[in-house]
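>>> here you go, sequence then predicted model.
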Amino acid sequence: MTANPGLLIDLQKITANTRVIVQKCASHGINVAAVTKAVCGDPKVGRAMLEGGAAALADARIQNIKRLRQAGVTEPVMLLRSPMLSEIEDVVKYSSLSLNSEPEVMDRLSECALDYATRHEVIIMIDVGEIREGILPADIFKTAEQIKALKGIRVIGAGTNLACYSGVRPTPKNMNLLLETARELEGILGCNLRIISGGNSSGLEMINKGSVPQGINQFRIGESILLGRYISNGEPIGGTNQDAFILTAELIEMKEKPSLPMGEVGKNVFGEYAENNELQLHYRGIAALGRQDVPPDSILPLGLRNNIHIDVIGATSDHTVLDFGEETRTFGVGSEIRFNLDYPGLLAAMTSPYVKKKYLE
Ligand SMILES: *Cc1c(COP(=O)(O)O)cnc(C)c1O
């Protein structure tokens, strides 16, 4: 495989970012389950997170959890997405606990765990407004009654997820609704819930303000650890690195060309109209990188060598067009360009088989 496009993964920076966030949370009595789903359950990244003090790992896909286990990770790993009925056995075998909202799924988990002479731990998801997964607080009694008798599962917590699908922000109000619903659940099941899991990276600003209600004791954090940013506004988190992941791509063409296409112009292959800026004569570079690797609006060139500013103009499947302005002696065919990534960019680069992953240990 060729070296480019490449994704440079700095494991020490990931450990350092985890440490900052773990300490921030610990000072408010909150522990961190570090989420590896954006890195496909990469065991090196998972280990870096554990080294930074994460209490557990979490991932949305059982294949990723299996990957972590096969690499020898023995710490608790939580399955974030409600199990598919077709993967129940793997869930019981590979994950320590899973987030759940469907009695039918919990029934099957229970049966399977009993077959394995074990008990599967479960966090019940409550939907406090995001309208993605979870039981509505009004329905908690009915659900709790349905799962009460299941012998193969142990309900150890309640949780919620916010700011992902609908963008509902975590607030003291919805966190308190989670806590009240959890208390109700404890009453019906007749047990204490050890974990109250308040949400994802979006909770960090609330944690900073100290406004997370007493009783919430876990957050499941991925993006903010990996990219070192708050997710509501993209601002850097003090003390963290924003460049734990760097994408590299190589220039395969560099020519002075006009900025206006020549000829009769229609929509491009992606159903969009290409540039229609004012006519300019600029150096345009083509990177051997395309939408099969990352979406063009998810990458930010770090081209400030010799004060050359580089803009991403657009991309097709395998070509990304870059604008180098009016003058370039620094970059030419063969130059390696480095890019910062946002979250969709990181997801894409990690999942693209064309992007070679390289670790800085
Ligand atoms: C993805 C996910 C997380 C982590 O979200 P980040 O924004 O990466 O912190 C937490 N919980 C659930 C249920 C998720 O699906």
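Yep, that arrived. Residues are numbered from 1 along each chain as shown.
>>> can you give me the buried ones in the longest helix seen in the chain?
Using DSSP state H, we find that the single longest helix of the chain is helix 172-189. Residues of helix 172-189 classed as buried by neighbour count (16 or more other Cβ atoms under 10 Å): Asn174, Met175, Leu177, Leu178, Leu179, Thr181, Ala182, Glu184, Leu185. No exception for glycine: its C-beta is placed from N, CA and C like everyone else's.
>>> which pair of these spans the longest distance?
Taking Cβ to Cβ as the measure, those span a maximum distance of 16.3 Å, between Asn174 and Leu185.
>>> what is the burial count for Val355?
22 (other Cβ atoms under 10 Å).
>>> surely it is in contact with Ala349?
Yes: using Cβ atoms under 8 Å, Val355 is in contact with Ala349, at 4.8 Å.
>>> where's the residue lying closest to Gly290 once chain neighbours are set aside relative to the ligand, distance?
For Gly290, ignoring the flanking residues on the chain, the nearest one in space by Cβ to Cβ, 6 or more residues apart in numbering is Asp318 at 3.9 Å. For Asp318, the distance to the ligand (Cβ to the nearest ligand atom, to the nearest Å) stands at 29 Å.
>>> what does Val32 give?
10 Å.
>>> using PDB, write down the CA coordinates of the helix or strand containing that residue.
Following DSSP states H and E, one finds Val32 within strand 31-35. The C-alpha trace of strand 31-35 is given here as PDB (Å, rounded to 0.1, in the frame of the first residue of the first chain):
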ATOM      1  CA  ASN A  31     -15.800   9.300  35.500                       C
ATOM      2  CA  VAL A  32     -15.200   8.900  31.800                       C
ATOM      3  CA  ALA A  33     -16.000   6.100  29.400                       C
ATOM      4  CA  ALA A  34     -13.800   6.900  26.400                       C
ATOM      5  CA  VAL A  35     -15.500   6.200  23.100                       C
END
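>>> and that strand, how far from the chain's centre?
Here strand 31-35 is found 12 Å from its chain centre; the criterion is Cα atoms, centre = their mean, to the nearest Å.
>>> picking up where we left off before, burial of the residue nearest to Gly290, as a residue count?
Neighbour tally, Asp318, other Cβ under 10 Å: 15.
>>> tell me the pLDDT of it.
Among the per-residue scores, Asp318 shows a pLDDT of 97.
>>> helix/strand/coil for it?
What DSSP: H, G, I helix; E, B strand; the rest coil gives for Asp318 is coil.
>>> in this structure it contacts Ile286, no?
No: judged on Cβ under 8 Å, Asp318 makes no contact with Ile286 at a distance of 9.6 Å.
>>> can you show me the strands along the stretch 1-150 of the chain?
Here the stretch 1-150 of the chain has its strands, by DSSP state E, counting those that start in this stretch, at 6-10, 31-35, 56-59, 77-79, 97-100, 120-125.
>>> for the residue in the chain positioned nearest to the ligand, give me its contacts.
Closest approach of the chain to the ligand (Cβ to the nearest ligand atom) occurs at Gly222, with a separation of 2.8 Å. Shown in contact with Gly222 (Cβ atoms under 8 Å, 6 or more residues apart in numbering): Ala34, Val35, Thr36, Lys37, Ala38, Ala58, Asn200, Ser201.
>>> same list (the residues you listed) but as JSON lines, adding pLDDT, neighbour count and distance to Ile123.
Output for these, formatted as JSON lines (pLDDT from 0 to 100; neighbours: other Cβ atoms under 10 Å; distance: Cβ to Cβ, whole Å):
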{"residue": "Ala34", "pLDDT": "98", "neighbour count": "28", "distance to Ile123": "16"}
{"residue": "Val35", "pLDDT": "98", "neighbour count": "28", "distance to Ile123": "14"}
{"residue": "Thr36", "pLDDT": "98", "neighbour count": "28", "distance to Ile123": "17"}
{"residue": "Lys37", "pLDDT": "97", "neighbour count": "19", "distance to Ile123": "16"}
{"residue": "Ala38", "pLDDT": "97", "neighbour count": "23", "distance to Ile123": "21"}
{"residue": "Ala58", "pLDDT": "98", "neighbour count": "32", "distance to Ile123": "10"}
{"residue": "Asn200", "pLDDT": "95", "neighbour count": "24", "distance to Ile123": "14"}
{"residue": "Ser201", "pLDDT": "95", "neighbour count": "25", "distance to Ile123": "18"}
